[in-house]
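A.B. asks: One predicted model, sequence on top.
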Amino acid sequence: MNVDDSARILGSLPREKAFYFFTSIGNYTGLSASSLKEFNERLGEVNVRSLEFHLKRGDFEKWASEVLQDRELSSEIRRLSKYGFTGEPLRSQISLITSRRYKQLSAQSEHSQPK
């Protein structure tokens, strides 16, 4: 992965590409995320039923892959779905994965900036 990829993944998205959190079909939580950083922040705020709903449907991994174009993050989330986490342990695991990825990409971006 190069610096441009890191910057793209970390950047803000247009509203139509944001992740919108639902607890079930048609039940929008009122929360959305327009960047990986914002996504990670929302994980701590959103109802855990929303996390369970989206993980079961593959929505997180699909957004990471298709919108953020981050195959590594998508793959990590896909692996997580195999363990059957629910509730707060699920929130903790998704938060761990996304915050670790955010830090990794941020470090790559910082190291490439001219001094």
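C.D. replies: Everything's here; your move. Predicted, not measured: the structure shown is a model, and the values here were computed from it.
A.B. asks: neighbouring contacts of the lowest-mean-pLDDT helix or strand in the chain?
C.D. replies: Every helix and strand in the chain was compared by mean pLDDT, DSSP states H and E; the lowest is helix 3-10, with a mean of 81. Helix 3-10 has contacts (CB atoms under 8 Å, 6 or more residues apart in numbering) with 35-37, 68-70, 73, 102, 105-106, 108-109, 112. (Glycine included, C-beta is placed from N, CA and C.)
A.B. asks: Past that helix, which element shows up next along the chain?
C.D. replies: strand 19-24 (DSSP states H and E).
A.B. asks: What is the helix or strand just after that next one packed up against?
C.D. replies: Per DSSP H and E, the first helix or strand lying C-terminal to strand 19-24 is strand 27-33. Judged by 3 or more CB pairs under 8 Å, 6 or more residues apart in numbering; DSSP states H and E, the packing partners of strand 27-33 are strand 19-24, helix 36-43.
A.B. asks: So which of those is the most surrounded?
C.D. replies: Of all the helices and strands packed on strand 27-33, helix 36-43 carries the top mean neighbour count, a mean of 20, counting by mean count of other CB atoms under 10 Å.
A.B. asks: tell me how far it is from the chain's mean position?
C.D. replies: The chain centroid and the centroid of helix 36-43 are separated by 7 Å, computed with CA atoms, centre = their mean, to the nearest Å.
A.B. asks: Against which helices or strands is it packed?
C.D. replies: Here helix 36-43 touches helix 3-10, strand 19-24, strand 27-33, helix 87-112, going by 3+ CB pairs under 8 Å, 6+ apart.
A.B. asks: how about 6 Å then?
C.D. replies: On a contact count with 3 or more CB pairs under 6 Å, 6 or more residues apart in numbering; DSSP states H and E, helix 36-43 meets strand 27-33, helix 87-112.
A.B. asks: Quick one: the helices and strands packed on strand 27-33 as CSV, columns for distance to residue 86 and mean pLDDT too.
C.D. replies: As requested, those are exported to CSV (distance: least, CB to CB, whole Å; pLDDT from 0 to 100):
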stretch, distance to residue 86, mean pLDDT
strand 19-24, 14, 98
helix 36-43, 15, 97
